[in-house]
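Participant: Here is a sequence with its predicted model. Questions after.
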Amino acid sequence: GNSVTQMEGPVTLSEEAFLTINCTYTATGYPSLFWYVQYPGEGLQLLLKATKADDKGSNKGFEATYRKETTSFHLEKGSVQVSDSAVYFCALSVLTGANNLFFGTGTRLTVIP
Amino acid sequence: GAVVSQHPSWVICKSGTSVKIECRSLDFQATTMFWYRQFPKQSLMLMATSNEGSKATYEQGVEKDKFLINHASLTLSTLTVTSAHPEDSSFYICSASGGISSYNEQFFGPGTRLTVL
């Protein structure tokens, strides 16, 4: 079946630290992969995506590379800021477009000054 | 960007009553809306998909008579939890897509926390 496993949180980092949130997946087809972010009191927002193997999605200093050989899509940022504090969700879709999303459990990140 | 709102943001009700949650796309026409449910420390679980003007498609295991979904216009979908019980307490999130991005991106509302006493 289709599923996403992501690293459990919560994760607490100091400002300017390096961030990695692990995400692995299983899929019945050839999935597109996504990272969503949910800031306090807001809806989920698309952070970045990748639609084929070896693609690198990037946005706001975050990046993730679609690794087919390891079925992974780890999220990284070189230097986190307090404003990055949020819950991050890894997700996949196996249909054209994003109309059938499978989510991981979410990882709460807290960045302290 | 595309904005989706939900109302109410939280609701507390007595067991046996019905609760309606609204999901609105504020600045685009949503041909498709999705309803998710999220339990603490768990994934978002898709409950149903609705297209404007037609009946919702429910995921396996979701009771359609319990969770009534109406998508009467291109900017509004409602989820009614009928005869709510404590086990229905959860965080309900809607999303909407309308072809405003190249791959039908879903835009999410902020969620509604339902507590049934």
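Facilitator: Sure thing, it's come through. Small disclaimer: the values here were computed from a predicted structure and weren't measured.
Participant: Around chain A, which positions in chain B sit nearby?
Facilitator: Taking Cβ under 8 Å from any Cβ of the partner chain, the part of chain B that reaches chain A is made up of B:4, B:6, B:32, B:34, B:41-44, B:46, B:49, B:93, B:95, B:97, B:103-111. C-beta here means a position set from N, CA and C on the backbone, and glycine is covered the same way.
Participant: Only whichever of these are buried, select them in PyMOL.
Facilitator: Buried subset of the residues of chain B next to chain A, written as a PyMOL selection, criterion 16 or more other Cβ atoms under 10 Å in any protein chain shown:
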select buried, chain B and resi 4+6+32+34+43+44+46+49+93+95+97+104+105+106+107+108+109+110+111
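Participant: Taking the centroid of chain B, which residue is nearest it?
Facilitator: In chain B, the centroid-proximal residue (Cα atoms, centre = their mean) is B:Trp35; its distance is 3.4 Å.
Participant: Confirm that A:Ala64 sits in a strand.
Facilitator: Yes - counting by DSSP: H, G, I helix; E, B strand; the rest coil, A:Ala64 is located in a strand.
Participant: how close does it get to A:Asn22?
Facilitator: Distance of A:Ala64 to A:Asn22, given as Cβ to Cβ, to the nearest Å: 10 Å.
Participant: The two - which one has more neighbours?
Facilitator: Neighbours were counted for A:Ala64 and for A:Asn22 using other Cβ atoms under 10 Å in any protein chain shown; A:Ala64 has more, 27 against 16.
Participant: sorry, back to before: what residues are shared contacts of A:Ala64 and A:Asn22?
Facilitator: Common contacts of A:Ala64 and A:Asn22, defined by Cβ atoms under 8 Å, 6 or more residues apart in numbering or on different chains, comprise A:His74.
Participant: counting contacts, what elements does the helix or strand containing the residue nearest to the centre of chain B pack onto?
Facilitator: Using DSSP states H and E, B:Trp35 falls within strand B:32-38. Secondary-structure packing of strand B:32-38 (3 or more Cβ pairs under 8 Å, 6 or more residues apart in numbering or on different chains; DSSP states H and E): strand B:19-25, strand B:44-51, strand B:67-73, strand B:76-81, strand B:90-97.
Participant: just for the chain, where's the confidence low?
Facilitator: Since no chain was named, I'll use chain A. Residues of chain A meeting the criterion pLDDT under 70: A:95-99.
Participant: sorry, should have said chain B
Facilitator: B:1, B:99-104.
Participant: repeat that with 80
Facilitator: Scanning chain B for pLDDT under 80 picks out the ranges B:1, B:40-43, B:98-105.
Participant: Using CSV, lay out the helices and strands packed on strand B:32-38 together with distance to A:Tyr88.
Facilitator: CSV is the format used below for these (distance: least, Cβ to Cβ, whole Å):
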stretch, distance to A:Tyr88
strand B:19-25, 23
strand B:44-51, 13
strand B:67-73, 28
strand B:76-81, 26
strand B:90-97, 15
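Participant: Burial-wise, tell me which of the ones you listed comes out on top.
Facilitator: For the helices and strands packed on strand B:32-38, average neighbour numbers computed from mean count of other Cβ atoms under 10 Å in any protein chain shown are highest in strand B:90-97, which has a mean of 25.
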